[in-house]
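S.K.: With the input below, show me the fold.
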Amino acid sequence: MIDKTLAILRREAIPIALYALAAAVFLPVISWLWRRTTTEEQLLHAFAVLVFALGVLIYEKRIGLRAVFNFGRGAGLLLLGALLLAIAATLTGASVLVLPGFVLALASALVYIFGTGIARFTAALLGAFSLYVLMALLLPLLDWPMRTLAAQGSARILGWFGKDAELALAPDRGEGPMLLLFANDHPFHVAAECNGFGVLTASLLLTLLLVLFKKVALFDKALLLAAAAVSGIVFNYLRIIVIVYLAPVVGLDNYYVMHEIVGVITYYGCLLFLWWMISGFGRDPGAGTVQPPAAAPA
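M.R.: So this is what the prediction gives:
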């Protein structure tokens, strides 16, 4: 095993050196994405959903992940494009260019390691990961707009069911103003975790991964992504409304346990609903997309 590994390292010395260079170039992006993922609970849960969905996809579709280590034209051009974007970001000051550069570098590494035999799976993985990077970038910008949308929509729905609901801002306590939802004079803090960003991100990641992997018509792809966005928003409304109705029943002592249980049920309920819905669209890739298992040596 050790001799085989050393042989691969000697044979692939130049590609490994190039990818080590790329890793050094994109280390700030990797560090930023790691910090963002580990410090933002909504992103961490969405990333975990993506990893789990990839694992299920590999298992269910019997995708053969065999290392081929082929630094061909495709891998080389992708890596060149990644490095050129990093240079352009440095020269122009448009630091956002390093993000697509990082995705191209990752694409090059996947093509180098696994080849083009699982091209559709690779494209689905990269598409979903690109969306994850974009959502990590947008989270600070979308927090308050989505929090306000969630509170306003929930208050309107509660009003339809006879609840006296209104919104208010509490004074700044050093961490920014608090958005409060009053339902029949009971106050509920609409915190960042209530904005629906987590379930929306997870829904879009799961849907994009599946529709890029499956053979789905372009119109159906757009329709399913729109349905994923709507489902994420609706299930977040449902979570808030159920919490508001159950809070007086369970009391303050059991409120936080109930809050977490309702959150878990609505979060994963939304994802299971989307998986079931998407399974009825399109068809799985044919031969050539999934690598067959390696043959046993004679």
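
S.K.: all helices in the stretch 1-150 of the chain, in order from the N-terminus.
M.R.: Along the stretch 1-150 of the chain, counting by DSSP state H, counting those that start in this stretch, helices occupy 2-11, 13-25, 27-39, 41-60, 73-92, 98-114, 119-160.

S.K.: who wins for proximity to residue 177 among the ones you listed?
M.R.: For the helices of the stretch 1-150 of the chain, distance to residue 177 was read as CB to CB. The smallest value, 9.6 Å, belongs to helix 119-160. To be clear about C-beta, it is placed using only N, CA and C from the backbone, and glycine gets the same treatment.

S.K.: what would the helices of the stretch 1-150 of the chain look like in a markdown table with distance to residue 230?
M.R.: As requested, the helices of the stretch 1-150 of the chain are exported to a markdown table (distance: least, CB to CB, whole Å):
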| stretch | distance to residue 230 |
| --- | --- |
| helix 2-11 | 48 |
| helix 13-25 | 38 |
| helix 27-39 | 26 |
| helix 41-60 | 17 |
| helix 73-92 | 34 |
| helix 98-114 | 27 |
| helix 119-160 | 12 |
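
S.K.: Which of the ones you listed comes out lowest on mean pLDDT?
M.R.: For those, the bottom mean pLDDT is recorded on helix 2-11, which sits at a mean of 67.

S.K.: Residue 243: what's it in contact with?
M.R.: Contact partners of residue 243, counting by CB atoms under 8 Å, 6 or more residues apart in numbering, are 188, 258, 259, 262.

S.K.: Check which residues of the strand or helix carrying it are buried.
M.R.: According to DSSP states H and E, residue 243 maps onto helix 218-250. Of all the residues in helix 218-250, those buried under the rule 16 or more other CB atoms under 10 Å are 221, 224-225, 227-228, 231-244, 247.
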